[in-house]
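>>> using only what follows, build the 3D model:
(one chain, ligands or ions: 2)
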Amino acid sequence: MFDLKLRPRRMRISEEIRSMVRETTLSPKDFVYPIFVVPGENISEEIPSMPGCNHLSVDRAVEVAKEVFSLGIPSIEVFGLPEYKDEIGSSAWDMTSPVQRAITAIKKAVPELVIIGDVCLCQYTSHGHCGKLKDHYVDNDTTLPLLQNVAVSQAEAGADIVAPSDMMDGRVAAIREALDDRGFINVSIMSYAVKYASGYYGPFRDAADSAPQFGDRKQYQMDPANSREAMKEVDLDIAEGADIIMVKPALAYLDIVRRVRERIDYPIAVYNVSGEYAMVKAAAQNGWIDEKRIVLETLTSMKRAGADIIITYHAIDAAKWLARQ
Ligand code: PBG
Ligand code: ZN
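Residues are numbered from 1 along each chain as shown. Ligands and ions are numbered 1, 2, ... in the order given. Got it, this is the predicted structure:
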């Protein structure tokens, strides 16, 4: 027979032993729950391409925020659909827009909940691009003051963190300067530093009505084929003053998360985006996968790759499952 002394299976013999040697654990504290706020009152309408996620009026968003906090999830990220759109996206910094009103109302109702504002223009521009147009080109430098407006308005509304997702060069430095000038020295910046031009954003663009009316976002979001370039984006955003670095999407880019983890000692967030969510939901609804197992396994893989923070539409379900384990 074989002389087998080395038996890794010993460490898998019972759940108790497995739990003692488990390298990665998942907690509701790892999650951020994204919400979509809309104009109106008493609205909670399911988003067709994202089953389980709703368009929420401000009053109903407050209820969801309370539930999120009661489940031990420390943070929400607020996206919004505005009342009006124009060429420069000015409803993005209108203090009466749903996002600003939701931030203020949630801060008042659940002061400890960390509120993240998504800083971009695509939901607010008539053309659906993330910046100001010069002909058919998204102009970098004239977009920066607009992004400063958005970040300051969200800080004024009560946001704890602002998260620029536009991918303009220099926006982290510009936003940091604008926040500091207005005295918001303790409002943090979570930079979507490494954001790829991805097909996985499809359901979100339906949900947020933010699809570009012409062309695509490849002139500002990153090429999915590039990994070294991601390191350049990370280095620049840290130099510009980012507090948290994000990689987005998550699942198809865990090699990037690992590279970033090995490179920097800053907190890393991943965005488990709408397309990743929709695929799991669709397969689960067909009975093809075990939703709970797949979700917890997937979220664990993101932490194992090196993420500290996971922005996920599964947050509420996952927090409930983790509480029952
Ligand atoms: C806006 C923005 C997008 C997402 C977050 N912020 C879409 C995009 O860049 O087109 C995607 C989130 C998701 O798919 O869940 N810039
Ligand atoms: Zn955008």
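
>>> residues in this structure within reach of ligand 2, list them.
With the criterion set to Cβ under 5 Å from the ion, the chain comes near ligand 2 through 120, 122, 130. (Glycine included, C-beta is placed from N, CA and C.)

>>> which non-adjacent residue is nearest the last one?
On the basis of Cβ to Cβ, 6 or more residues apart in numbering, the spatially nearest residue to residue 130 that is not a chain neighbour turns out to be residue 166, at 4.1 Å.

>>> what's near enough to touch residue 187?
With contacts defined as Cβ atoms under 8 Å, 6 or more residues apart in numbering, residue 187 is in contact with 151, 155, 159-162, 179.

>>> and the strands in the protein?
When assigned using DSSP state E, the strands of the chain occupy the ranges 31-37, 44-46, 54-56, 75-80, 114-119, 132-134, 137-139, 161-164, 188-195, 244-248, 268-272, 309-312.

>>> who does the first one pair up with?
Put plainly, it is strand 31-37. Each strand that pairs with strand 31-37, with its direction, by DSSP bridges: strand 54-56 (parallel), strand 75-80 (parallel), strand 309-312 (parallel).

>>> and it, what's its mean pLDDT?
With pLDDT averaged residue by residue, strand 31-37 scores 98.

>>> what does it contact?
Contacts with strand 31-37, where a contact means Cβ under 8 Å, 6+ apart, come from 47, 53-58, 61, 64-65, 68, 73-81, 98-99, 101-102, 116, 207-208, 269, 309-313, 315-316, 318-319.

>>> one step back: for ligand 1, find the nearest of the strands paired with strand 31-37.
Counting by Cβ to the nearest ligand atom, ligand 1 lies closest to strand 75-80 out of the strands paired with strand 31-37; the figure is 6.8 Å.

>>> distance between that closest one and the chain's centre?
8 Å (Cα atoms, centre = their mean, to the nearest Å).

>>> kindly report the same for stretch 75-85.
Mean-position distance between stretch 75-85 and its chain equals 13 Å (Cα atoms, centre = their mean).

>>> what's the answer for stretch 171-180, then?
Using Cα atoms, centre = their mean, the distance between the centre of stretch 171-180 and that of its chain works out at 20 Å.

>>> next one: stretch 176-185
Using Cα atoms, centre = their mean, the distance between the centre of stretch 176-185 and that of its chain works out at 23 Å.
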